[in-house]
Each structure stands twice: as C-alpha cells, then as structure tokens.
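Peer 1: Dropping a prediction and its sequence here:
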Amino acid sequence: MAPKTRELEIHDTAARVAAGTDMEGYQQTTEDLVGEKLVLNMGPSHPATHGVLRLILELDGEVISKADPDIGFLHRGDEKIAENMQYNQFVPYTDRLDYLAPLANNVAYALAVEKLMGWELPARGQTIRTICCEMARISAHLLGLGAYAMDVGAMTVFLYTFTQRETIYDLCEQLTGARFTTSYTRVGGQIRDLPEGFTGSLEKFCEEFLPCLDEVDTLLTRNKIFLDRTREVGVISKEDAIAWGLSGPNLRGSGVEHDLRKSNPYLDYERFDFDIPIGEVGDCYDRYLVRMEEMRQSVRILRQAMADLPDGPINVADSKERLPDKERVLMSMEELIHHFILVTEGLDAPKGEVYFGAENPKGELGFYIHSKGGGVPYRLKIRAPSFVNLSILPKLLEGCLMSDTVSILGSLDFVMGECDR
Amino acid sequence: MDWHLIIAATIKIVVFVFLTTLPLVAMSVWAERRVSAAIQDRVGPNRVGPFGLLQAVADGIKFLLKEDFTPNHVRKGYFWLAPALVMVPALLTCAVIPFGSKLFGEKMVIADLNVGPLFVFAIASLSVYGIVLAGWASNSKYPFLGGVRSTSQMISYEISLGLSIVPLIMIYGELNLGRIVQYQADNGWALLPLWGEGLSVQGWVLTIPVFVSFVIFMTSMFAETNRLPFDLPECETELVAGYHTEYSSMKFALFFLGEYAAMIIGSGLAVTLFLGGWSLPFGWLSPENTEAAVPWWHGLIHIGVYFSKVIVLILFFIVVRWTLPRFRYDQLMRLGWVFFFEIALFNVVLTAALLWWFNKPVS
C-alpha cells in the first residue's frame, strides 16, 4: 500500500480555542452546535479485528464518519523470502498465509509451480488435492462463521463450530502428520498417499458435520436479532464488488457467479457435481448464507471424491525433477544422484512467467512466478484475497454504526496472515 | 430502642445478605460457567472441589491476590467510588424482599416497608451512577462509550420496568411486598390463579395484562443487569470490556459480582411479584394472614421455596445469555422506547379498564 498522509483535525476544544481557529461564530446559536468527533483506535490488538488489523475510526456519536484501515502488523516478507529459496522449500511458508486453510494454500502453490514446469498430476493425486482443498474450505468457513457469530454475541455457535474444526484437525494429522502447519504438497505431488482408514474417518466427519451445521442454522439463520444485525448492513453492490476486485464468498454474496472451480477448472473439479451459491443483496447476511451453503457443497464434493477415488500413483513420474522415493534413494545409485542434485540445486525450472489462481476459502489466492531458470524464483508475487477484500472496508464502514463494524469485519472473513504476507 | 428488634435485624442482614445472597452470587457465577459449558459441549470448571463447586472460592482468592492497578490517567476518587456504587445498591434492595414467611415469630424480611417496589426502584436506579462514573472516570475511549451507552440503556429500560409493575400494584392494591406475597399465597399467584379468589373470571382475565407485564419485566431486567442480549455497555467484541476495561483485581470483581447480584435481586423481585414469593401452590403450608403464627419448619420450607424459585429464574437468565446474539445499540433503544414503553403504558390502561369493569358498582 502506498504511504499516504492524513490531515488530523484538532479534536480538543480547548486546544482549538487556544489556537484561535474557527472561533468566528462559534456556537452563537443553538443551531450551530459544534460537536467533536472522536477518533477511536480499534486494534491492532482488539477482540473483533481477528488478528492484527488496526482501524482508525472517526466517530460522530455512534456513527462512523471515516474509517482508515492500517495493515502490515503481520508482514513477514514472504515474497522476498521466496526469492531466496528453492521452490520446495517455500511450501511451509504457504502454510502461514491463510493459516486457517493451510492445505488449500499448499495445493495452490504446488499447482502454480507445476504450471511453470508444465506438469500434470496423475488422477489419484488430483483427487487427493481436491479432498484437501475442500477440507480446508470447510475448516476455514467454520472458523469464519464461528468468529462472526461470536462478534455479534452468539458465543455458543463459536464453540459448536470449533468442535467440528477439531475433527478436521484430527483428519489433517492423519493425513499429513501435522494439525496446523500441514506442508502437505511438493512440486509434483504430495509427501504421502492417503493413510489407511482415512476415507472412513472423513466419511464419518461428513456425517457428523451436517447435523451440526443444521444446528447452527437453527440458532442463527432465522434469529430475529441476528437478522437485525446483518440484513442491510455492509451492502456491497454487484458493480462495487467487481470494481474493488473482491473474490470468493464476498464476491458471490453480492450476486456475481464467479468461482474459479467452475469458470476456470483446475484439478479435477470438472468431474464433480456441485452448485455455486450466490447472494442477492450483498449484505452481511448474504455472505453468511453463501458460506453456509458452500460448506454443504464442499461435503457434496468430498463424498463424490471419496466414492470415486482413482487408483494409481499420486505423484508425477519424472524422477529427475521430483524427489525420488526414499527406498530407492537408499538402494540405487541413479536415484541417489538425483536426490542429491535436487536437494542442493533444486529443480530445473524453465524460464518464463506464470500466474495461477486457485479458489481458496477466502477468495482467489494467486501465485505469480517469474522464473529466470534454475531452482529459485526470480520473483514470486502472492495475490492474497484477504488483502483485496479488505480494500473495500473504508467504503463499507463509512456511515455505519460503531456496532456494525464487528458485523462487517466478521462477514468479510479475512485473515491477516495472508493480507500482510 | 428495642434491642430485640436490632438484634433480629442484624441477624437477618447477616444471614440473608452475607451468608445467602453473596454466596448465591458466587454460586451463580459457577452455575453460569457450568451451564454454558453444558450448552456448548464443554466440561466447564470441575477441578476445585466436588463438581468444581469451590471454583467460586478459588476465583475470589485470585481476585483478591491480583495487583490492584490504578492507571495514571484516571480520576482516582470517582474511579474508586464506581465499583462500590454498582455493588451496594444491588445489596441494599435485599432489604425489602420477603424471603420467607416467618421463623420463630420473626418476619423473614429485613425491613417490612409499605413502599417495597418503590424502594427497590429508587435504590436500583442508583447503580447506573456506578457504571457512568466508571466509564467517565476511566478517562479512556472504550469505557467512555460503554458508560454513555449504559446510561441511556438503563434509564430507558427503567421506565418500562417501572411501568410494567404498575398493573400488578393496581391488582393487589398494595405496596407492601410481604402482604403481596401473602395475598398470592391465599388467592393464587399472579401468573397462576388456580385457587382462592384467583379462581374466577376476573382472576383469569387479569392474567393477560399480568403476563404482558411479566414479559416486559423480565426483558427489562436483562437490560438493567447488562446481560446478553442487552450487554451493549460491555459488549466485548466492540468495546473490549466496556466501562470496566480499566479495572483490575477486586474492583473488577465488584463490577462482575454486581451484575450477578442485580440479577439475583431482579429474580427475587420477579418471584415476589409474579410467582408467589415464598408460597407453595394452592397455599399449602401458608399462614392464614401475615400476623398468624407459623411453625418453624414451615418457615424453613418457605425460605427454601423462595430460593428455589430464584434459582430457576437465574438458570433462565443463564440459558438465554448463551443462546442469543446481541442487539445493536439503536435497535435496543428502539425496542425499549417504541415497543416496551408503549406496550407497558397500554397495559396499565388495559388493567385499569378491566378492574373497573369487574368492580363497577351495580346500578
């Protein structure tokens, strides 16, 4: 974000008197009562800002007259870091972008590099990645929903959704060995195949998850207080949503039917039958409904994927560019050499520029890679959906009530880890 | 001066306020945590003592041992006064609530005033000063907003709270809470007129305004005690902790406990006015009149009945808190002024009309 300056008024009446400014006709009649605006610093450490977003709100009573988001408190320089390491070494950093859906980030990054390499995964590998993405979507939406509900005061929903997220974390642990920072993918495949009994656990999760979602539905969807808090609040029109470059549920909540899984299919999403929910008004309530429905659709995809899971290899066959299997490294000379070269020098990427965008839970997560050949990217740009989605905040907040801030922030469902990179 | 009276009053104050209500405050904190845990599929505090019952004691010790930090930027005098102003009125209102019939010939009410409800409202409205002062004296923006919100919220809802009990006072024709309970013991509870004079067309028709009053009274009670869905003064997601953001240690605990004390007193008042106070249904074990003698074990049962009813209402408060989202500030004010105020006002007129209709002189 370009640095910008902001003019600050003198908010103290006494100071204004001392400065002798605008005292002409000051409060001469009752009609021109001069009030003061309250500048309220919300964040970076505030329960409603979900991380380290800082909002500078200018309040006229309870009405927000100006909102100025201040980001960057979680900036770690991920893009610069990527320039100094091999493609595979960057995978753990993608875990920490949208840390609510690390599996989806891993997949998006791997797909971007594979696009540069010109590789295509075998069918089983693709389906496994689809399963990963949809699990991540459910997990991220559950947290978004729970935190949103907590922001408007429904604490219980938060704990219901967290119970379900816990099960997803258990599944992640089964799949990758880590609950939070999964680092599951590599360029050209995954670190391991689905473990034994994984589909069974996933099926069990799907069965338990849907009733829980219905329960949340009954607690919120037709609750008068919740409707009052979210309807007609934070309305983003179709045109605005496109103009500000929103993506993901925030864009679809405004009624734009755009989902990269349908419009620009990657992995094997074309194989599956699922709907894209869209909103009508574009208010907080619509965004909530879109997320609820997306979770149901994700379960649909998961069930289809499990029912129709292809057999065969999960990784690309090219053992010169992809890390060879460990047993063969220890047993055969050829593989040992490849392993050594790959670990020390990295894969031999062609020159060129690619962009790949994946439909992540928060929106379009894009990786733009500029390669000048060799194992290290020359430049890696991350298009973080949360960053773009947050850009509409000053427009949305203006004229809202102070209490609407939390509804709007919750409904935009952003992650600062991704926004600040 | 009659020493007997003073000693009896002292014993009643010590037993009712310090040995019953204050522990009940602590226990309702425990109950809140356990019930919310049950609602949310959690376990809740279960480590300290059996079922975690001693958690309240552990919390109390923790509060006492924490550093009592006063920030530099506050107005010290008001800052120190505010927590007391929240807690004291809540406990003062205990004075007029009858918590039993009689024990050893002594009325189970600390002060048998003839203006019970008026006293309660006069004292309870003082607690708004505690919150306003806390918000103002903290000299910080979030507490300030919380304080401003709570001022308007509590004043608005106090009006509907006061108006909601006017119909009852008209029906009872009485302002002495002890005699109101006695009347209910003889003639059916306000909300359950199944025996005595209550078992009549008049008694049944009058339950309509009484029920409306009860709904308004309970809802306004939520607003008065700053509990969800009306906890805007301290709604944690916007205002961090509202008016008590800058408080720590025992001063914070006083705000915290003041909320529960207000909740218990509110429940006590609701029980007294609407649910027959200490009386059992159908007047079982009730004395003939307020002057009649009562065996001591009847007296004990009556005290038990009163507290059981209060506990049921507290559980209702808790369940609501963990089920509903929170109102927005303007919606809350609209609800208070446009709906409750007007319905309560209409309810008064309706009750008056009904009473006139039933009691009009036969010409």
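Peer 2: Yep, it's here. Numbering: from 1, shown residues only, chains lettered A, B, ... in the order given.

Peer 1: which regions of chain A sit below the pLDDT cut-off?
Peer 2: Within chain A, the stretches with pLDDT under 70 are A:1-35, A:318-319.

Peer 1: Run through the residues of it sitting next to chain B.
Peer 2: A:38, A:40-41, A:46-48, A:62, A:149-156, A:159-160, A:163, A:219-220, A:223, A:225-226, A:228-229, A:401-406 (CB under 8 Å from any CB of the partner chain). Placement of C-beta: from N, CA and C, glycine included.

Peer 1: Which PyMOL command selects the buried ones in those?
Peer 2: Filtering the residues of chain A next to chain B down to the buried ones (16 or more other CB atoms under 10 Å in any protein chain shown) takes a single PyMOL command:
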select buried, chain A and resi 38+40+46+47+48+62+149+150+151+152+153+154+155+156+159+160+163+219+220+223+225+226+228+229+401+402+403+404+405+406
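
Peer 1: Among the residues of chain A next to chain B, name the ones in helices.
Peer 2: A:149-151, A:155-156, A:159-160, A:163, A:219-220, A:225-226, A:228-229, A:402-406 (DSSP state H).

Peer 1: before we move on, what SS does residue A:66 have?
Peer 2: Here residue A:66 is strand, with the state taken from DSSP: H, G, I helix; E, B strand; the rest coil.

Peer 1: so what's it up against?
Peer 2: If you count contacts by CB atoms under 8 Å, 6 or more residues apart in numbering or on different chains, residue A:66 has them with A:57, A:58, A:394, A:398.

Peer 1: Could you spell out the sheet neighbours of the helix or strand harbouring the second one, each with its direction?
Peer 2: Element membership for residue A:58, per DSSP states H and E: strand A:54-60. Sheet neighbours of strand A:54-60, with direction, are listed as strand A:38-42 (antiparallel), strand A:63-70 (antiparallel) (DSSP bridges).

Peer 1: Leaving out chain neighbours, which residue sits closest to residue A:116?
Peer 2: Leaving aside its sequence neighbours, residue A:116 sits nearest to residue A:354 (CB to CB, 6 or more residues apart in numbering or on different chains; 4.7 Å).

Peer 1: hang on, the one you found is in a helix, isn't it?
Peer 2: No: Residue A:354 sits outside any helix when classified using three-state DSSP, being strand.

Peer 1: And it, how far from residue A:293?
Peer 2: From residue A:354 across to residue A:293, the span is 32 Å (CB to CB, to the nearest Å).

Peer 1: Could you report the neighbour count for the residue nearest to residue A:116?
Peer 2: By other CB atoms under 10 Å in any protein chain shown, 18 other residues sit near residue A:354.

Peer 1: residues touching it, list them.
Peer 2: So residue A:354 contacts A:112, A:115, A:116, A:368, A:369, A:371 (CB under 8 Å, 6+ apart).

Peer 1: what about the first one, neighbour count?
Peer 2: It refers to residue A:112. The burial count for residue A:112: 26, using other CB under 10 Å.

Peer 1: Next: the fifth one.
Peer 2: Using other CB under 10 Å, residue A:369 is surrounded by 22 other residues.
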